[in-house]
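>>> Provided below for reference: sequence and predicted model.
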Amino acid sequence: MVQESSANLDASIIEISNHSKVASSSLRERCALLGIDWIEEIPTVSEDAISLLDPESAVRLHVVPLVISDGRLIVAMIDPLDIAAADEVSTITGHAISRVGLEQQPFSELMRAHYGTTAARIAESLAGDVDESATDIEHNLDTIEAADIHRMAEQPTLINLVNLILLEAIQSRASDVHVEPFENELKIKFRIDGVLVEQTPPPKHLQPALTGRLKIMAGMNIAERYIPQDGHITLRFEGRKVDMRVSTIPTLYGESVVMRILDKSAMQLDFDTLGMSKPLQSQLDLLIDTPHGLVLVTGPTGSGKTTTLYAALSKLYDPRKKIITIEDPIEYELSGINQIPVNPKRGLTFATGLRHILRQDPDVIFVGEIRDPETAEIAIRSALTGHLIFSTLHTNDSISSIGRLIDMGVEPYLLASVLEGALAQRLGRRVCPHCLQKHPITEDISHRLSAKELELFSGEVARGSGCSKCNESGYFGRIGFFELVKITSSLRKAISENRPIAELTAALNDSFTNMRTDGLAKAAAGQTTIEEVLRATQDTDDFGD
């Protein structure tokens, strides 16, 4: 037997992700010397073979049984030289093993096709035998000692269950994972394209162990169950790093856990991917090329403000410029840019951080959010002294950002002198391109549009019928709806005179397009649906006749 193995797995992370997407040529050459075949496409799988290996072992060992031939079990492996894995499969199945190599991408698709519901299957098996003490645990969570939680959380099957829940969340393109405790059940939900989707729930008696495992992974105190905690998990998935921001809060029936998945490789930082039109990109390019001033991005939580500003900073990056950010928290690491995390416990707030950043000789500063008068004042003063400042605000539309800053105590004449532009945005779901179909506009939708807006559609709208690519939802990914207020001389004068919002709106130039109009243009182009546009922008603008 071959004595060499290239597998070096770590049971504390999602194990299927430790291999690179494409096998090295040296591995293939070594396999060829040993007479191990390498297949290029997804092979046919026999049900008799696949049933020999349980999902937990298949994911842990990176092995998919293909077929039984002449008494030998042929298995596909990313690393056919992993002798330890092959020996374990032989022991589990009771068959002699023949190995074939398979590239990462077809292997992942093969794994998803035949073991795609691994977390659900493991949870189901764990729910099989619930003894009386487990039933007591459901209703007496407060009585469990921290040492018992730690012991339960270190069980190999429980570890695999948690790892596979996170793996399936990443594979499903989820942005968040919610673990919600209720009186008689524990719910798991993935937020996919902005909408929560329920998953197969694990049994209620696993609640303390599952929550405890997540808290251990996030570096939290598992003995503390009555105050909110924050933590961080770093995983490796298909050769890339995936960060998770973890938050727990105590509820009536235990701790609720929410994990924000920060997958930088899944986020493309360019304006095209965000869904910006070419005219809008041209206007925004002019704003980010200004030598000094204040540029704002506004919208509610989860509207993609930080992603837009990351895209702007990436486009703006130049080794000759000093770019510093202060964020709460840092969502993605940006190459070549100095990023500072807010730490209120140590006295590092947006205001104090921004004050010290100015001593670092910056050219461009990104302030994660202007949330108090002190930060607003320092940001304005920084823009006045020759710095380009990017920041975010929580307002419904772009023009409202002016009133919000004045309400914080910023003098209107100072704001008028530094503000260069304000971009407002919302996110809607994209129509799945794999199952897109044209349908007539229904009456319940048409009556919500003006006659001018209806002219955009010619009586038809795009809609996804649902397919395996989009999990039957009809949507795949998200797209932004934008509006940009570029500060003109007439608008600057109105701001300095502290005119009301109605007069500021009247001072906008003719090229201004609001979010609703931008979204409907994208719906007419088949990129999204009218329902998504109306849902995302209903609080921003009323149409006229």
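Noted; the coordinates are in hand.

>>> contacts and neighbour counts: CA atoms only from here.
Will do.

>>> low-confidence bits of the stretch 51-200 of the chain, can you list those?
116-146, 148 (pLDDT under 70).

>>> how about 50 then?
Counting by pLDDT under 50, the stretch 51-200 of the chain shows low-confidence ranges at 129-139.

>>> helix, strand or coil: sort out residue 158 for me.
Here residue 158 is helix, with the state taken from DSSP: H, G, I helix; E, B strand; the rest coil.

>>> just give the number of residues close to it.
Per other CA atoms under 10 Å, the neighbour tally for residue 158 reads 19.

>>> what about it, distance to residue 448?
Separation of residue 158 from residue 448 (CA to CA, to the nearest Å) stands at 50 Å.

>>> residue 220 too?
Residue 220 sits at a distance of 49 Å from residue 448 (criterion: CA to CA).

>>> more neighbours, the two?
A side-by-side neighbour count of residue 220 and residue 448, using other CA under 10 Å, places residue 220 first with 19 against 14.

>>> hmm, residue 231 and that one touching each other?
Yes. Contact criterion CA atoms under 8 Å: residue 220 and residue 231 qualify, at 6.1 Å.

>>> now do the helices in the stretch 51-200 of the chain.
55-61, 83-93, 104-115, 118-126, 132-139, 146-153, 156-171 (DSSP state H, counting those that start in this stretch).

>>> let me fix that: the stretch 301-450 of the chain
According to DSSP H, counting those that start in this stretch, the helices that the stretch 301-450 of the chain contains are 305-316, 350-357, 373-384, 400-407, 412-418, 443-446.

>>> please produce a markdown table containing the ones you listed, extended by distance to residue 427 and mean neighbour count.
Below are the helices of the stretch 301-450 of the chain laid out as a markdown table (distance: least, CA to CA, whole Å; neighbours: other CA atoms under 10 Å):
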| stretch | distance to residue 427 | mean neighbour count |
| --- | --- | --- |
| helix 305-316 | 10 | 19 |
| helix 350-357 | 26 | 19 |
| helix 373-384 | 26 | 20 |
| helix 400-407 | 19 | 18 |
| helix 412-418 | 28 | 20 |
| helix 443-446 | 20 | 10 |
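
>>> which one, of those, ends up nearest to residue 285?
Across the helices of the stretch 301-450 of the chain, the minimum distance to residue 285, taken as CA to CA, is reached by helix 305-316, at 8.4 Å.

>>> may I have the closest one exported as PDB, CA atoms only?
Taking C-alpha atoms only, helix 305-316 is exported to PDB below (Å, rounded to 0.1, in the frame of the first residue of the first chain):
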ATOM      1  CA  LYS A 305     -24.200  50.700   2.200                       C
ATOM      2  CA  THR A 306     -20.800  49.400   3.400                       C
ATOM      3  CA  THR A 307     -20.400  47.200   0.300                       C
ATOM      4  CA  THR A 308     -21.000  50.200  -2.000                       C
ATOM      5  CA  LEU A 309     -18.400  52.200  -0.100                       C
ATOM      6  CA  TYR A 310     -15.900  49.300  -0.100                       C
ATOM      7  CA  ALA A 311     -16.400  49.200  -3.900                       C
ATOM      8  CA  ALA A 312     -15.700  52.900  -4.000                       C
ATOM      9  CA  LEU A 313     -12.500  52.600  -1.900                       C
ATOM     10  CA  SER A 314     -11.300  49.700  -4.000                       C
ATOM     11  CA  LYS A 315     -11.700  51.800  -7.100                       C
ATOM     12  CA  LEU A 316     -10.100  54.700  -5.400                       C
END
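
>>> please renumber the chain so that the first residue is 58 from this point on.
Got it, first residue is 58 now, which makes that one helix 362-373.

>>> how many residues are close by residue 167?
A count of nearby residues for residue 167, using other CA under 10 Å, gives 20.
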